[in-house]
Each structure stands twice: as structure tokens, then as C-alpha cells.
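In: Generate coordinates for the sequence data below:
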Amino acid sequence: MLTELNRITKLAENTRYFRRRMNELGFVIYGNKDSPVIPLLVYMPGKLAVIARECRARGLAVVVVGFPATPLIEARCRICLSSSHTKEQLDKALSILSDIGDQISLKYSRLPLEERISPYLTPDTEEQPTNGVKTHMNGNHHVGNGHVKNGNHSTVINWTKQQITNGKIKHH
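Out: This is a model prediction of the structure:
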């Protein structure tokens with residue numbers, strides 16, 4: 001059984017992993033990078049029914065939101081993550097969304113891979129040299145003397161730019 005702190009940590013890990021993978025796949029997502037509620041931009045209201053129906057048929061629960069709750073051309077599909085989701089469940093959801101995204105052309109991102117995922121790159125939890133590579137920092141990290149180290153917060157996913165080659169992530 002997960003303790004409260006472990007649940008929070010697991011939810012943060014799931015959130016960062018899922019958001020990074022959605023960006024890698026080419027989806028445009030909104031919201032705070034740490035939020036477990038992930039709005040996938042669909043843009044066209046006519047695609048909302050299709051994505052809702054296809055996700056439901058494949059066993060994936062999503063919430064679709066369109067006008068008047070959103071601006072007319074900012075229809076979205078919300079994915080809500082939990083600390084109880086396993087990596088296998090997240091990967092299955094990503095696979096389902098990727099298939100649907102290919103079928104109805106939802107992969108709108110035109111940014112290079114590195115720019116899409118840079119908010120989700122974090123240094124390892126131990127101090128490490130950056131080898132001259134600039135690493136994206138958020139408010140929980142500090143850079144000094146060519147080294148990257150964490151502040152008082154623990155890192156949830158350990159991706160660095162050195163793990164990106166030729167526009168693809170090297171998975172462990």
C-alpha cells in the first residue's frame with residue numbers, strides 16, 4: 001500500500017512521463033506541466049465525438065470538452081492520471097491515443113522533438129556535470145559551476161538532453 005508521500009511522488013512520475021510521451025508523439029497539450037489533468041487539444045469540435053467514441057470503444061476513459069465551455073476552436077480531450085496507474089496502463093493509453101491521433105489527424109505539433117519535451121527533462125537526482133549541454137531548469141533546480149543539482153525537491157524522471165539523439169529518446 002502506498003503512503004501519502006509515495007502516492008504524491010508516483011502521481012508526479014506518472015504525470016511527467018505521460019506528458020513527455022504525449023509531446024514526443026506530436027500532440028499539442030495545454031496546462032501546467034505538473035498537472036495530472038492533461039488537456040489534449042483537438043481544436044475541431046467535429047472530432048470530439050470521434051475521439052470520445054474511439055477511446056470508449058478501446059477501454060480508455062476521457063472527458064471531451066468543447067464550446068461553450070472552451071473557445072470554439074479550442075476543443076479538447078482531458079486525460080486524468082492517477083497514482084494507481086501503472087506504466088503499462090499509461091503505455092496502453094498512449095498507444096490508443098496515438099492510433100486515434102493518426103486516424104483523425106490530431107498530432108498538430110510542428111516543434112522539433114527537443115523543444116516539445118524540454119519542459120519534462122530533468123537532471124539526475126545526484127550532482128552531475130552538464131558537459132557543456134544546457135539543461136532545462138525549472139524552479140526546483142539550480143545551475144552553478146557547470147554542475148546541475150536538485151534543490152529540496154526530489155526528481156521524478158531522470159531524463160537529460162544527452163539521452164536524446166537524432167530527435168529520438170534513448171529508452172533505458
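In: Select the helix or strand of this protein having the lowest average pLDDT value.
Out: Within the chain, confidence by mean pLDDT, DSSP states H and E is lowest for strand 141-144 among all helices and strands, at a mean of 31.
In: so where do the strands sit in the chain?
Out: With DSSP state E, the ranges of strands along the chain come out as 37-43, 63-65, 75-80, 128-129, 141-144, 147-150, 164-165, 168-169.
In: Pull up the pairing partners for the second one, direction included.
Out: In its sheet, strand 63-65 lies beside strand 75-80 (antiparallel), with partners assigned from DSSP bridges.
In: What's the mean pLDDT across the partner strand?
Out: Per-residue pLDDT values over strand 75-80 give a mean of 95.
In: buried ones in it?
Out: Across strand 75-80, burial judged by 16 or more other C-beta atoms under 10 Å covers 75, 76, 77, 79. (C-beta placed from N, C-alpha, C; glycine too.)
In: swap in stretch 79-89?
Out: Those buried within stretch 79-89 under the rule 16+ other C-beta under 10 Å are 79, 81, 83, 85.
In: Nearest to residue 98, out of the residues you listed: which one, please.
Out: Within the set of the buried residues of stretch 79-89, residue 79 lies nearest residue 98; the separation is 12.7 Å, counting by C-beta to C-beta.
In: For stretch 19-28, output the C-alpha coordinates as CSV.
Out: Only the C-alpha atoms of stretch 19-28 are listed here, as CSV (Å, rounded to 0.1, in the frame of the first residue of the first chain):
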residue,chain,number,x,y,z
ARG,A,19,3.1,14.5,-20.7
ARG,A,20,6.6,13.9,-22.1
ARG,A,21,5.4,10.9,-24.2
MET,A,22,2.3,12.9,-25.5
ASN,A,23,4.7,15.6,-26.6
GLU,A,24,7.0,13.1,-28.2
LEU,A,25,4.1,11.7,-30.2
GLY,A,26,3.3,15.1,-31.6
PHE,A,27,0.2,16.0,-29.6
VAL,A,28,-0.4,19.6,-28.5
